[in-house]
Every structure is written in structure tokens, then in C-alpha cells.
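Asks: Quick one: sequence plus predicted model below, questions after.
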Amino acid sequence: MFLPKTQLPSQSALRSNDLLAYYRDLCEQTLTVVDLETTGGTARNCRVIEVSILQASLKHGIQNQVTHLVNPKVPVPYQITRLTGISQAMVDPAPESEEIWRECLPMLENGVITAHNLAFDYSFIQSEYGLIGVNFRRPFNLQLCTVILARLLLPELRSRALPALVSHFGFDVGRSHRAESDTLACWLLAKLLLRQIQNQDDASLLALFAEQSITSGDAADLLNCSLIEIGSIAKKAKLKARYSQHRGSNLYRRGDIENLIDRCD
């Protein structure tokens, strides 16, 4: 018998009924949408050079948005300048990190922290606050990753990257890979998808959820087993899997994994 865990590492690891209840609750909450531009891809070795935070809700729309360039006191790589347009000359006169992050803390500690690929932004936020002695954490139920939500509700799209979604939906937000534009794009996407959650019936949404491709890690969390065990369990149950090079994992159909749980309860 597979037992549910009490603490789960991602939204994808919730059972579909719980996931639906979670998203329906978020429809009533204020979202604190954040986007960062950084000197590289890992929080351990890189720093934030731009941050934008937008607070909004389905009921009231956008309530507030602030954007700051940040002086990271480290060089801005040429490839980052090419991607974002943010140069060393732009960040050198900007306020230093501690000043910006202390100013941003009241906003980030309120509402549902939301980002497109939240794990990336959240890791940088935690790292930046750690450097100034602040232990930043938000409860699991106050986190929203719009990549995960897009994978649930937009399975037919080839890409759920933010620039691709901006193009697909025709969002008028300006240049991608700038924090202010990307924060606005993330909000518009969250609003569109949460409206669908709000307005569509349970059966239709659960049918969509069942088609989601989830990683071996999320499947293991759902089955309360290890990553080593998931392969043999899936093989024994004759579950189909496909390997995703982009996500670095075998992918399973959510509905197949949940059916396996139901058979074992």
C-alpha cells in the first residue's frame, strides 16, 4: 500500500483531487509574482542583477509593482548582457543587494509567491537573503509555479517557456528576459490559467490533469517510494514512459500513476 507523504516537494506531487483544491484556493488569494535576471543559472555561484515584484489577484487585478536594478558587486557576463540588455554600466550605479532585498522583504513575505519556474527564482531569493542573514521561506501552500500549472492545462503546446507562451497568447508585455516584462507576463499567464480553474468543472479539469507528464521524482513522491524503486514498479505495472532530455527524467502519465495508487489502496 502506498501512503501519502505529509510534506511534498512540488505541486506536481499532489494527487489530482488535492491539486485541484489547491489551485481553486489560489484563485481567491493575492499573488506575489516575482522575476529575476541573474549573472548565471545557479544561485550558489551567481547573483541577481534585476528584480521585479508584482502583487495582484483575480478579484482586484494588479495592485502594485516594483522593479529594481541591483548592483551585485560581481561582473555581469557578456552573454547575460546579450540576453537581457543589462550591462555592467547599468548595474554599477544601482543600489547594492542588501538595500534592495531588505526593501523587497515585506512584499515577498505576503501573498502567494509566484514565478515561471519558481524553483529557479526561489533558490536565488533564498540565497540572496541568506547572504544578509535572513532565513527566507514561504509555506508550500503559498507557492505557485506557472510552469507546472501550464503543463497541467496546456498539454498540447510544444513549449511552456515564458517567451513561447507570450507569443502564443499575444501578451503585450515588451521585451522578454527583463524582470518587469517577465513578471507582467507571468501574471497574465497565471490569471488566464487560474480563470480556467475557476470556471471549468471538476471532471474536465481532472481529465486534463490525468494527461500531465510527470517526472520519475514526482511519480516516486506520489507512490511514496524511492527513485530507485520507481523504475521497477512502473515496469511491473507495464506503465509507458518516455525520456525527456530537457527535464532529464523519464516521464509518466499522471493518470497512470494515480490509477496504480488506487489499485494498491
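Replies: Now that the structure is in, tell me what you want to look at. Numbers count the residues shown, from 1 in each chain.
Asks: who does the lowest-mean-pLDDT helix or strand in the chain touch, helix- and strand-wise?
Replies: In the chain, the helix or strand scored least confidently by mean pLDDT, DSSP states H and E is helix 254-264, which has a mean of 86. Helix 254-264 sits against helix 202-210, strand 213-215, helix 216-223, with contacts defined as 3 or more Cβ pairs under 8 Å, 6 or more residues apart in numbering; DSSP states H and E. Just so you know, the C-beta spots here come from the backbone N, C-alpha and C atoms, and that holds for glycine as well.
Asks: Out of the ones you listed, the one nearest residue 154 is which?
Replies: For the helices and strands packed on helix 254-264, the distance to residue 154 is smallest for helix 202-210, at 9.1 Å, taking Cβ to Cβ.
Asks: who touches the closest one?
Replies: In this structure, residues lying in contact with helix 202-210 by Cβ atoms under 8 Å, 6 or more residues apart in numbering are 16-17, 19-20, 152-153, 155, 196-197, 253-255, 258.
Asks: Could I get the residues you listed in CSV, plus columns for distance to residue 123 and neighbour count?
Replies: Shown next, in CSV, are the contacts of helix 202-210 (distance: Cβ to Cβ, whole Å; neighbours: other Cβ atoms under 10 Å):
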residue, distance to residue 123, neighbour count
16, 27, 20
17, 29, 12
19, 23, 21
20, 27, 18
152, 22, 25
153, 25, 21
155, 27, 14
196, 28, 18
197, 26, 19
253, 29, 18
254, 25, 24
255, 30, 16
258, 29, 20
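Asks: circling back: take the helices and strands packed on helix 254-264 and lay them out in CSV including mean neighbour count.
Replies: Formatted as CSV, the helices and strands packed on helix 254-264 follow (neighbours: other Cβ atoms under 10 Å):
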stretch, mean neighbour count
helix 202-210, 15
strand 213-215, 22
helix 216-223, 23
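Asks: In CSV, list the ones you listed along with mean pLDDT and distance to residue 94.
Replies: Listed next are these as CSV, based on pLDDT from 0 to 100; distance: least, Cβ to Cβ, whole Å:
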stretch, mean pLDDT, distance to residue 94
helix 202-210, 95, 43
strand 213-215, 89, 38
helix 216-223, 91, 38
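Asks: Present these as CSV; the columns should include distance to residue 191.
Replies: Shown next, in CSV, are the helices and strands packed on helix 254-264 (distance: least, Cβ to Cβ, whole Å):
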stretch, distance to residue 191
helix 202-210, 17
strand 213-215, 24
helix 216-223, 25
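Asks: quick one, which of those is nearest to residue 192?
Replies: Closest approach to residue 192 among these (Cβ to Cβ): helix 202-210, 14.5 Å.
Asks: ok, back up a step: tell me which of the helices and strands packed on helix 254-264 sits nearest to residue 43.
Replies: Here helix 216-223 is closest among these (Cβ to Cβ), at 19.6 Å.
Asks: Just the buried residues of the least confident helix or strand of the chain, please?
Replies: Going by neighbour count (16 or more other Cβ atoms under 10 Å), the buried part of helix 254-264 is 254, 255, 256, 257, 258, 260, 261.
Asks: My read is that the third one contacts residue 238, right?
Replies: No: at 9.6 Å, residue 256 does not count as touching residue 238 under the criterion of Cβ atoms under 8 Å.
Asks: which residues of the stretch 1-150 of the chain score low on pLDDT?
Replies: Low-confidence segments of the stretch 1-150 of the chain (pLDDT under 70): 1-13.
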